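[1] Sequence first, predicted model second:
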Amino acid sequence: MSNATPASGMRRRQAWTVALLFAGYAAYYFCRSDLSVAMPLLIEDLQRHGMANRDAILRMGQLASLGVFAYAIGKLTLTGLGDLWGGRRSFTLGLGGAIAFTLLFASTGYLPVFLIAWIGNRMAQSIGWAGLIKVCSKWFGYSSYGTIIGILSLSFLVGDAVARQSMGMLMRQDYGWRALFGFAALVAGLVLIANLLFLRESRAEFGYEEPELNPLNLFANSSAPANHLWQIVKPLLVSRTFAVVCLLSFGCTIVRETFGLWTPVYLRDFFSYSVASAAETSAIFPAVGAVSVLVTGWLSDRIGPCGRSVVMSVSLTAAVLPLTALAFLRAGAATSLWPVVLIGLVAFFLLGPYSYLAGAIALDMGGSKAGAASSGIVDGIGYLGGVLAGDTVARLSLAYGWRGVFAALAVVTALSALSAGFLYHHQRAQQQNEIGLV
């Protein structure tokens with residue numbers, strides 16, 4: 001095939017690539033949301049085996065924290081391999097590993113096996129998003145990063161929402177937690193087969209030209225190939241802008257992981273939702289976040305070079321308000337709409353900016369040479385913060401109640417908003433210096 005292949009043919013292949021990546025990463029979330037949805041059932045199961053409610057909650061919180069820690073370590077140490085061996089391999093290997101460990105989790109009722117299976121699951125999943133980002137850098141030009149990554153960021157939100165809704169329906173039919181994990185593995189397995197058969201690494205495989213990179217990426221002045229991991233990560237580690245992005249990821253991931261993990265428990269304990277209703281209602285967070293991701297992704301491609309930091313600063317500042325309101329809510333009946341509305345507002349103001357960090361911004365900085373490593377480091381630092389969403393949030397909820405949890409999250413979000421403002425001023429100064437040099 002020559003470079004004269006009609007543009008419509010490439011657009012079709014790009015659309016097919018997006019569809020496969022979207023379905024694949026949504027499937028990852030079936031193997032991740034299952035723990036959150038099944039958490040009340042797992043706590044009840046531990047109680048039936050003689051464990052006190054407080055101890056069961058703490059054990060589940062510790063399990064979640066260790067899983068997030070493993071995820072962070074995988075992000076920091078394994079994702080750069082995608083820049084060496086290719087994004088498609090990372091993407092499919094990660095999904096296959098998640099399926100295997102999900103089945104292991106469902107095979108037993110013992111905490112030590114739960115721990116091994118969940119850590120293995122999160123470690124396998126750690127290479128998935130970076131693999132997706134690497135494939136995108138080989139299929140799309142930088143002027144469409146915000147829109148394309150925005151669309152693909154919907155995958156984890158849609159996957160999370162659909163998983164919660166479908167698993168909630170299974171729970172209404174009296175299926176236990178093992179059935180939820182088996183269902184997750186089945187869905188992910190079918191999607192993995194499709195990606196193994198049809199996903200391709202690069203549009204160059206079909207004879208198209210390589211996509212255009214952001215001229216301001218950290219590797220723009222280097223024409224030498226990056227053959228070693230240190231050559232890939234060094235320009236990232238010495239960049240001040242990249243450090244601020246990592247700090248933002250740290251704060252935003254704490255908030256996102258807390259809502260992703262504990263919303264069903266919060267709704268059940270604080271507002272007397274049934275286990276199934278809490279699972280289904282918790283889908284409001286990823287569902288509303290999907291709208292936010294689309295809106296902010298579209299804006300970021302149109303506002304200009306500093307557009308992403310502007311949107312992050314404004315949105316994160318706005319997110320402080322519903323978090324503060326949640327801290328002042330009183331326990332009530334399941335008919336109350338206030339918790340649902342406020343959780344939706346947090347999702348709208350948080351998840352759009354969050355999607356920038358390990359997506360469009362990571363590609364802007366890493367380009368095609370270090371897109372996977374850039375995304376992995378940003379996400380890895382974020383998930384080191386996300387570790388706090390498990391054990392620490394469990395202890396906060398027991399010591400200070402859910403009001404204390406939301407007050408702490410409001411403070412974290414306010415500090416993140418300040419970091420986004422600093423990022424904007426730094427980028428603005430950098431842009432003005434480059435104009436002056438021209």
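    Arrived safely.
[2] where's Q173 relative to L180, distance?
    11 Å (CB to CB, to the nearest Å). In short, each C-beta sits where N, CA and C put it, glycine included.
[3] Also I133?
    Between I133 and L180 the distance is 29 Å, computed by CB to CB.
[4] what's the answer for Y25, then?
    20 Å.
[5] In the stretch 101-250 of the chain, where is pLDDT below threshold?
    Within the stretch 101-250 of the chain, the stretches with pLDDT under 70 are 143, 213-232.
[6] who's more crowded, Q173 and L180?
    Ranked by neighbour count (other CB atoms under 10 Å), Q173 and L180 place L180 first, with 26 against 8.
[7] which residue ranges form the strands in the stretch 301-438 of the chain?
    Applying DSSP state E, counting those that start in this stretch to the stretch 301-438 of the chain gives no strands.
[8] Next, count neighbours for L237.
    Around L237 there are 12 residues (other CB under 10 Å).
[9] Also the one 5 residues further on?
    When neighbours are defined as other CB under 10 Å, F242 has 20 of them.
[10] neighbours around the closest residue to it other than its chain neighbours, how many?
    In this structure, F242 finds its nearest non-sequential neighbour in L236, 5.1 Å apart by CB to CB, 6 or more residues apart in numbering. Number of residues near L236 (other CB under 10 Å) recorded here: 24.
[11] thinking L236 is in contact with A373, fair?
    Yes - contact criterion CB atoms under 8 Å: L236 and A373 qualify, at 6.6 Å.
[12] I'd say F183 and M169 touch.
    No - in this structure F183 lies outside contact range of M169 using CB under 8 Å: 10.2 Å.
[13] Comparing these two, which residue is more hemmed in?
    F183 (19 against 13).
[14] quick one, what contacts the more buried one?
    Shown in contact with F183 (CB atoms under 8 Å, 6 or more residues apart in numbering): 30, 34, 166-167, 170.
[15] One more: S300?
    Applying CB under 8 Å, 6+ apart, the residues near S300 are 146, 150, 307-308, 311, 356, 360.
[16] Most neighbours among those residues, which one is it?
    Y356 (32 neighbours).
[17] So for that residue, what pLDDT did the model give?
    Looking at Y356, its pLDDT stands at 77.
[18] In contact with the residue lying closest to it once chain neighbours are set aside: list those residues for me.
    Nearest non-adjacent residue to Y356, counting by CB to CB, 6+ apart: R308, 5.0 Å away. Neighbour list for R308: 146, 300, 356, 360-361 [criterion: CB under 8 Å, 6+ apart].
[19] Make CSV from these and add distance to G380 to it.
    Below are the contacts of R308 laid out as CSV (distance: CB to CB, whole Å):
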residue, distance to G380
G146, 22
S300, 23
Y356, 16
A360, 18
I361, 15
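[20] can you tell me which of these are in helices?
    Counting by DSSP state H, the contacts of R308 place 146, 300, 356, 360-361 in helices.
[21] which one of these is nearest Y266?
    Y266 lies nearest to Y356 out of the ones in helices among the contacts of R308, by CB to CB, at 26.8 Å.
[22] Tell me if I'm right that the closest one and V310 touch.
    No - at 11.1 Å, Y356 does not count as touching V310 under the criterion of CB under 8 Å.
[23] Next secondary structure element downstream of the host helix or strand of V265?
    Take DSSP states H and E as the rule and V265 turns out to sit in helix 240-271. Using DSSP H and E, the helix or strand that directly follows helix 240-271 along the chain is helix 275-281.
[24] quick one: pLDDT of the residue lying closest to S65 once chain neighbours are set aside?
    Among residues not flanking S65 along the chain, G390 sits closest, at 3.1 Å (CB to CB, 6+ apart). The model reports G390 with a pLDDT of 79.
[25] Enumerate every residue touching G390.
    Per CB under 8 Å, 6+ apart, neighbours of G390: 61-68, 257, 261.
[26] Repeat that for G297.
    G297 is in contact with 146-147, 149-151, 153, 352, 355, 360, counting by CB under 8 Å, 6+ apart.
[27] at 7 Å what do you get?
    146-147, 149-150, 355 (CB atoms under 7 Å, 6 or more residues apart in numbering).
[28] List just the nearest of these to V113.
    Nearest member of the contacts of G297 to V113, counting by CB to CB, is S355, at 33.8 Å.
[29] P286 versus the closest one, what's the distance?
    12 Å.
[30] same question, I151
    When I151 is compared with P286 (using CB to CB), they lie 15 Å apart.
[31] And these two? Which one has more around it.
    Between I151 and P286, P286 has the larger neighbour count (other CB under 10 Å), namely 27 against 17.
[32] what's the angle between the helix or strand where the more buried one lies and helix 240-271?
    According to DSSP H and E, P286 maps onto helix 284-303. When axes from the mean of the first three to the mean of the last three CA atoms, to 10 degrees is applied, the directions of helix 284-303 and helix 240-271 differ by 150 degrees.
[33] In contact with the most centrally placed residue in the chain, which residues are there?
    Closest to where the C-alpha atoms of the chain average out (CA atoms, centre = their mean) is F156, at 6.5 Å. Shown in contact with F156 (CB under 7 Å, 6+ apart): 25-26, 29.
[34] and those as a markdown table, adding secondary structure, neighbour count and distance to A278?
    Listed next are these as a markdown table, based on DSSP: H, G, I helix; E, B strand; the rest coil; neighbours: other CB atoms under 10 Å; distance: CB to CB, whole Å:
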| residue | secondary structure | neighbour count | distance to A278 |
| --- | --- | --- | --- |
| Y25 | helix | 26 | 25 |
| A26 | helix | 23 | 22 |
| Y29 | helix | 26 | 18 |
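[35] so which of those residues comes closest to L415?
    Nearest to L415, judged by CB to CB, of the contacts of F156 is Y29 at 27.6 Å.
[36] measure that closest one to H426 for me?
    Counting by CB to CB - Y29 and H426 are separated by 33 Å.
[37] swap in K134?
    In this view, K134 and H426 are 27 Å apart by CB to CB.
[38] Looking at the two, which one has more neighbours?
    More neighbours surround K134 than the other of K134 and H426, with 33 against 15 (other CB under 10 Å).
[39] ok, that one - contacts?
    82-83, 86-87, 90, 371-372.
[40] Out of these, who's the most crowded?
    Most crowded among the contacts of K134, counting by other CB under 10 Å, is A372 at 33 neighbours.
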